[in-house]
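Peer 1: could you work out the structure for the sequence below:
(2 chains)
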There are 2 protein chains.
Amino acid sequence: MPNASDPMQTLTVTLGPRSYPIHIGGGLLSNETLWAAARERPLRLITDAHVAAHYLQPVATALQLPNTSIRILPPGEPTKSLANVEAIMDWLLETRLPRDGWLVALGGGVIGDLVGFCASIYQRGVDFVQVPTTLLAQVDSSVGGKTGVNHARGKNMIGAFHQPRLVLADTDTLKTLPRRELLAGIAEVIKYGMLGDAAFLDWIEQHLDGLLELRDADIAYAVRRSCEMKADIVARDERESSVRALLNLGHTFAHAIETYTGYTQWLHGEAVGTGLCMAADLSARLGWIGRDEADRCIALVGRSGLPTRPPQGMTGDDFGRLMALDKKVASGQLRLVLMRAVGDAVLTADFDPDALRQTLAAFTTAAD
Amino acid sequence: MPNASDPMQTLTVTLGPRSYPIHIGGGLLSNETLWAAARERPLRLITDAHVAAHYLQPVATALQLPNTSIRILPPGEPTKSLANVEAIMDWLLETRLPRDGWLVALGGGVIGDLVGFCASIYQRGVDFVQVPTTLLAQVDSSVGGKTGVNHARGKNMIGAFHQPRLVLADTDTLKTLPRRELLAGIAEVIKYGMLGDAAFLDWIEQHLDGLLELRDADIAYAVRRSCEMKADIVARDERESSVRALLNLGHTFAHAIETYTGYTQWLHGEAVGTGLCMAADLSARLGWIGRDEADRCIALVGRSGLPTRPPQGMTGDDFGRLMALDKKVASGQLRLVLMRAVGDAVLTADFDPDALRQTLAAFTTAAD
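Peer 2: Below is the predicted model of the structure:
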């Protein structure tokens, strides 16, 4: 099905007046046609130092952006902070971006989430463009309008739903992506297979080497299929009142790991890799999927080079305490996304807590 | 038409799944029936020290709220800050309010705008209840979902649209309102007459003494008619893409005054009073309304005891500089809400800039 010589592909996130296109392909950053609508607006671009070194120039040239309209932040998860939101608000007001101006987020999930949140609250909301430059951002975080920043007490605890006007996923940018970040994106790709498309999971198993080697056709198909699934789910449930929660397969475990490690040691996608293994294990302990199926999912995560176990020293009690802060907790009850079959996830509070304790025990070292 | 013995009146802001009721009347704070839905939720109440002294106890009792679920902030416009948003986020996370919890805003516009904004961004949005205790909040700021905080460079520059679930406007709370704050609310009431209902403006002229003396029937009618007009406008244009902007009659001048005085010396409604006079004057200079009609509006503001001129020392240049930051500026062009007839406002950039200069000169002292 994938074809390396495919030209750019365009999907649409269908949300009435807030619908927007996702363009996927190589060389999009400097495609002036795609930037035409943005060029008519007052613009401010925000990126990080790593991405700026590789990709700021083509975008700034295509957009005819002066340096005063560009802000470069330090790379890494700590950048996703309320302190940076405040600094960006100061900058936008000092440089007088009007309400009909647009923000451009050039970077990975950290930049996209931070800039999207700033766009949602600046003068009660301005439009923004997502230009994801990591695999994780291209297949997941740049699509669907979830924006926000972290808090010492939990990831993405402060944020908003705010849809971009446009997503430009230039797959050429993945060529400079550090290996760890590529793997982090592959964790989210595996997630889509596990939660909603068993055939896609088969495809990932068969094409994992191609993905790890950045074969154009394999990358293009993985990004497109992931975005298709995400766009479809977001169109059905923008505000996560139902089916959208399934995109959080593995994420309650992952967020606990990220909070435990202070957002600095594990990449989000690495934590998701381990979270997927724990969700698969728990689904098997509940008898919802076979042990062999759970092992197959865990093996795929491991074959990718992603961690399949939480950090040394993190205990089951740590998980219990940190998972209680999860946004999916409703009326004091922990809800988890689990698999009732491979490729068929469900959000539920109706599971045996003993099975969860067993999973936590199996994946962690005991507390003293 | 107003009747002092009327029981509680209920209006609805019609916004599809986000529709909500506004209850108006005396004794609502302790009406347990109105609080029934809120009592089923985890709650956090935020108020200010002045309001707490008078009205916290009946609400806390009706809601069976422990002290740990209550936060009391200093009164006054400086409370509407990003620093307080951060402190409230810390508190909500420390006390682990889940995503299905509600916030309760008990107070005037400062508390309502701040708490509404916190509700909009906590865990990407939780529900909240507006309990306005000032006339200004009851007739204006508690209805319609505009939330936000101030920035040194401009008022309400950081915020979101986030509708409450319920508005409880207990007119008994106005009995303890300081005189200045009562007048500040009357400015917004006059605004509704000037922008959209000439007959209501007549009514205000005839019943101004009753309003200033807090006659029950007059207050109840003024709150109801103002809320009716606001609810109707918000239902037609939630996000201020068109007709909602008319609610900002006088506000571009007012925001400049508030920014100039650092939000601390003038109440918002006082600045609106002067802004209404300036908008009326400019409308007359443009020939859109008669000079006698402008004078009639200015006289009504003056008779209320509201200021009809900007602060001493504020120049036309100060207005020019500060008005350029207004959120209604589009593509570099200042837009103002003006009157093409009494009771018929319009948002426009199509006015003679000389007339604006004349209005600014007539209302200010010259710069050196």
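Peer 1: and the stretch 151-300 of chain A, which residues reach chain B?
Peer 2: Counting by C-beta under 8 Å from any C-beta of the partner chain, the stretch 151-300 of chain A comes close to chain B at A:151, A:153-154, A:156-161, A:239. C-beta: built from backbone N, CA, C; applies to glycine.
Peer 1: A:Ile298 against A:Asp281, yeah?
Peer 2: Yes. Contact criterion C-beta atoms under 8 Å: A:Ile298 and A:Asp281 qualify, at 7.1 Å.
Peer 1: which of these two has more neighbours?
Peer 2: Higher neighbour count among A:Ile298 and A:Asp281: A:Asp281, with 24 against 20, using other C-beta atoms under 10 Å in any protein chain shown.
Peer 1: now do the contacts for the more buried one.
Peer 2: A:294, A:298, A:359, A:362-363 (C-beta atoms under 8 Å, 6 or more residues apart in numbering or on different chains).
Peer 1: which one of those residues sits closest to chain B?
Peer 2: Lowest distance from chain B to these (C-beta to the nearest C-beta) belongs to A:Thr359, with 22.9 Å.
Peer 1: so that closest one, which state does it fall into?
Peer 2: Under DSSP: H, G, I helix; E, B strand; the rest coil, the three-state class of A:Thr359 is helix.
Peer 1: distance of it from A:Lys230?
Peer 2: 27 Å (C-beta to C-beta, to the nearest Å).
Peer 1: same check on A:Arg285?
Peer 2: 28 Å.
Peer 1: surely A:Ile289 forms part of a helix?
Peer 2: No. Going by three-state DSSP, the assignment for A:Ile289 is coil, not a helix.
Peer 1: show me the contacts for it.
Peer 2: Neighbours of A:Ile289 in contact, by C-beta under 8 Å, 6+ apart: A:280, A:283, A:339-342.
Peer 1: check contacts around the nearest residue to it once chain neighbours are set aside.
Peer 2: In this structure, A:Ile289 finds its nearest non-sequential neighbour in A:Ser283, 4.7 Å apart by C-beta to C-beta, 6 or more residues apart in numbering or on different chains. Contacts for A:Ser283 (C-beta under 8 Å, 6+ apart) come out as A:289, A:294, A:338-340.
Peer 1: just how off-centre is stretch A:205-225 within its chain?
Peer 2: Mean C-alpha position of stretch A:205-225 versus that of the full chain (C-alpha atoms, centre = their mean, to the nearest Å) differs by 18 Å.
Peer 1: buried stuff in it?
Peer 2: For stretch A:205-225, the neighbour count (16 or more other C-beta atoms under 10 Å in any protein chain shown) marks A:207-208, A:210-212, A:215-216, A:218-225 as buried.
Peer 1: just give me the closest of these to chain B.
Peer 2: A:Val223 (25.1 Å).
Peer 1: which SS state does that closest one fall under?
Peer 2: Strictly by three-state DSSP, A:Val223 counts as helix.
Peer 1: contact partners for it?
Peer 2: A:24, A:135, A:138-139, A:169, A:171.
Peer 1: run a quick neighbour tally on A:Thr12.
Peer 2: 11.
Peer 1: which residue ranges of chain A form strands?
Peer 2: In chain order, chain A shows strands spanning A:9-13, A:20-25, A:43-48, A:70-73, A:102-107, A:127-132, A:146-151, A:154-161, A:166-170, A:336-341, A:344-348, with DSSP state E as the criterion.
Peer 1: residues near A:Thr359, how many?
Peer 2: A:Thr359, neighbours per other C-beta under 10 Å, totals 23.
Peer 1: related to what we said a few turns ago, between A:Arg285 and A:Lys230, which one's more packed in?
Peer 2: Set side by side, A:Arg285 and A:Lys230 show more neighbours around A:Lys230, with 24 against 21, by other C-beta under 10 Å.
Peer 1: per-residue pLDDT, the closest residue to the more buried one other than its chain neighbours?
Peer 2: With C-beta to C-beta, 6+ apart as the criterion, A:Lys230 has its nearest non-adjacent residue at 4.9 Å, and that residue is A:Val143. You'll see A:Val143 listed with a pLDDT of 95.
Peer 1: how close does A:Val143 get to A:Thr14?
Peer 2: 12 Å.
Peer 1: before we move on, the earlier item: would a markdown table of the contacts of A:Ser283 with pLDDT and distance to B:Phe128 be doable?
Peer 2: What follows is the contacts of A:Ser283, written out as a markdown table (pLDDT from 0 to 100; distance: C-beta to C-beta, whole Å):
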| residue | pLDDT | distance to B:Phe128 |
| --- | --- | --- |
| A:Ile289 | 98 | 40 |
| A:Ala294 | 98 | 42 |
| A:Leu338 | 97 | 32 |
| A:Met339 | 98 | 36 |
| A:Arg340 | 96 | 35 |
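Peer 1: closest to chain B out of these?
Peer 2: Nearest member of those to chain B, counting by C-beta to the nearest C-beta, is A:Leu338, at 19.4 Å.
Peer 1: and the helices in the stretch 251-368 of chain A?
Peer 2: Here the stretch 251-368 of chain A has its helices, by DSSP state H, counting those that start in this stretch, at A:251-260, A:268-285, A:291-303, A:316-323, A:353-363.
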